[in-house]
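In: Here is a sequence together with a model predicted from it:
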Number of protein chains: 2
Amino acid sequence: MALDDLKALVFDVFGTMVDWRGGVAREAAPFLARQGRGDVDPALFADAWRRLYSPAMEEVRSGRRPFTRLDVLHRENLEAILPEFGLDPAQVAAAELDELTLAWHRLDPWADVVAGLARLKSRYIIAPLSNGNIVLMLNLAKRAGLPWDAILGAEVSRAYKPTPEAYLRTVEVLAMRPEEVCLVAAHNGDLAAARKCGLRTAFVPRPTEHGAGQTSDLAPDQDWDVTARDFGELAGKLGL
Amino acid sequence: MALDDLKALVFDVFGTMVDWRGGVAREAAPFLARQGRGDVDPALFADAWRRLYSPAMEEVRSGRRPFTRLDVLHRENLEAILPEFGLDPAQVAAAELDELTLAWHRLDPWADVVAGLARLKSRYIIAPLSNGNIVLMLNLAKRAGLPWDAILGAEVSRAYKPTPEAYLRTVEVLAMRPEEVCLVAAHNGDLAAARKCGLRTAFVPRPTEHGAGQTSDLAPDQDWDVTARDFGELAGKLGL
């Protein structure tokens, strides 16, 4: 494999490494019950919340809004979706909404992630390249035992994926050439943007990220440098 | 101790955690020998190099120069001191100077640091708050086994200590109040600047940072929140 000069692996996190849908649903369930909406499927609540993720970042990507970290966008998006579920944001205590926003800091990794990362760390620099902000990534990692060498991503590069700056500034911080850095992601679109910037690419599909009926990102749509079914196979394919 | 609400410990690194003088001298010695200056004391070469550290950052702190990461400043400062040792920068291969600049990525921690950090990490978020850039801190940590939760500091805050922004933006990234964050440092001046920003302070003297004849920072010059002789005692004083 022509990856002999690879020095760093950077990772998409939401979906690729952690189950955001299950984790947010787990924390939304008691919240909804407290608000008298125990009838709502908390996974659909998670889906609604996530649906505003990219549009909120697009305000920053387009330059209409200065860089704003994801915790702030998540908090705003949470208020924005409450009416869809019959809830008035003005009637819910701010502290409840602050606390529920931190559900994104407490997501569980997929079963193969921690052991796979430890193997990958033995040879490579490993760091998240996520749109999540630093303290979000840090709290996720500390809770789940993700052994990052550093936390990179949107708050360091001041740019949201998939803008080129998000990838290129990360490469610059690492003082590497783009081909020395590989993005690992479960999303073809993220990998395509990284490849355009000269990074290497590894696809690890997560066919239940969006639930049992998922139809997107089930297979690679380009000849990524590596495709692996989980982080263990990824480590194996890299010779570890 | 009134540190019950402490959540994060952030650390000065050069001098406080690692022996920059010994490490730079170790790598400067073979360089000097190759350049025909094996007669130079490599510790004095390290001292000369370090002497330009603060003046170089002052160009950034003053606003005369945009933020420039420490690896770049170190490389420039190396060229600047060569004439003091009878060497012409134009006569030394650039690759030799690039490589010697990376000596700052390969410094050894003081003997108490790794075990002490592991204890501190069991309760607190731990991160460097150094003027060193991210990949420098990352390489130091990976080589020495420093188990950081994240790498914070100048390149994240885009500000060099001791400007207030260096401390306050770090607190902001952590989404904490200043009094929830404690700076650990061997330098009274660094602690004084952090205290002015509302951070907690812990002094761990390193009486041989500058060699056997050191006269500065041998004792606390304010009533810092904690004073400890090493990282083990610091962990003990925090109840760990």
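Out: Structure received.
In: Please, which helix or strand holds A:Leu183?
Out: Following DSSP states H and E, one finds A:Leu183 within strand A:181-185.
In: outside of the following helix or strand past that strand, which residues touch it?
Out: Proceeding N to C from strand A:181-185, the next assigned helix or strand is helix A:188-196, under DSSP H and E. With contacts defined as C-beta atoms under 8 Å, 6 or more residues apart in numbering or on different chains, helix A:188-196 is touched by A:12, A:161-164, A:166-167, A:183, A:185, A:201-203, A:217, A:220-222, A:224. No exception for glycine: its C-beta is placed from N, CA and C like everyone else's.
In: At the contact with chain B, which residues of chain A appear?
Out: Residues of chain A lying near chain B by C-beta under 8 Å from any C-beta of the partner chain: A:71, A:125, A:127, A:133-135, A:137-138, A:141-142, A:148-152, A:155-156, A:173-175.
In: related to what we said a few turns ago, drop anything exposed from the contacts of helix A:188-196.
Out: The neighbour-count test (16 or more other C-beta atoms under 10 Å in any protein chain shown) marks A:12, A:161-163, A:166-167, A:183, A:185, A:201-203, A:217, A:224 as buried among the contacts of helix A:188-196.
In: mind checking how far the residue lying closest to A:Phe11 once chain neighbours are set aside is from B:Ala219?
Out: The spatial neighbour of A:Phe11 that comes closest, neighbours along the chain excluded (C-beta to C-beta, 6 or more residues apart in numbering or on different chains), is A:Val184 at 4.8 Å. Noted for A:Val184: a distance of 49 Å to B:Ala219, by C-beta to C-beta, to the nearest Å.
In: do the same with A:Leu97
Out: For A:Leu97 relative to B:Ala219 (C-beta to C-beta), the value is 48 Å.
In: what about the two, which has more around it?
Out: Each of A:Leu97 and B:Ala219 has its neighbours counted (other C-beta atoms under 10 Å in any protein chain shown); A:Leu97 has more, 16 against 9.
In: pLDDT score for that one?
Out: Here the pLDDT value assigned to A:Leu97 is 98.
In: Would you map out the domains in chain A?
Out: Per the record, chain A has its domains at A:8-19+A:108-237, A:20-105, by automatic domain parsing.
In: quick one, which of those is packed in tightest?
Out: Burial of the domains of chain A is given as mean neighbour count (mean count of other C-beta atoms under 10 Å in any protein chain shown); domain A:8-19+A:108-237 ranks first at a mean of 20.
In: and it, how far apart are its ends?
Out: Counting by C-alpha to C-alpha, to the nearest Å, you get 15 Å between the two ends of domain A:8-19+A:108-237.
In: got it, and stretch A:124-137?
Out: 19 Å.
In: if we can go back for a sec, just checking, which of the contacts of helix A:188-196 belong to strands?
Out: A:183, A:185, A:201-203 (DSSP state E).
In: so which pair among those residues is furthest apart in space?
Out: With C-beta to C-beta as the measure, no two of the ones in strands among the contacts of helix A:188-196 lie farther apart than A:Leu183 and A:Phe203, at 9.5 Å.
In: which secondary structure element contains the nearest residue to A:His210 once chain neighbours are set aside?
Out: Here the nearest residue to A:His210 in space, its sequence neighbours aside, is A:Arg21; by C-beta to C-beta, 6+ apart that works out to 6.6 Å. Assigned by DSSP H and E, A:Arg21 belongs to helix A:20-34.
In: what residues does the helix or strand immediately after that helix in the chain touch?
Out: Per DSSP H and E, helix A:20-34 leads on to helix A:42-51 as the next helix or strand towards the C-terminus. If you take C-beta under 8 Å, 6+ apart as the criterion, helix A:42-51 is touched by A:20-22, A:24-26, A:28-29, A:32, A:74, A:77-78, A:81, A:84-85, A:210-211.
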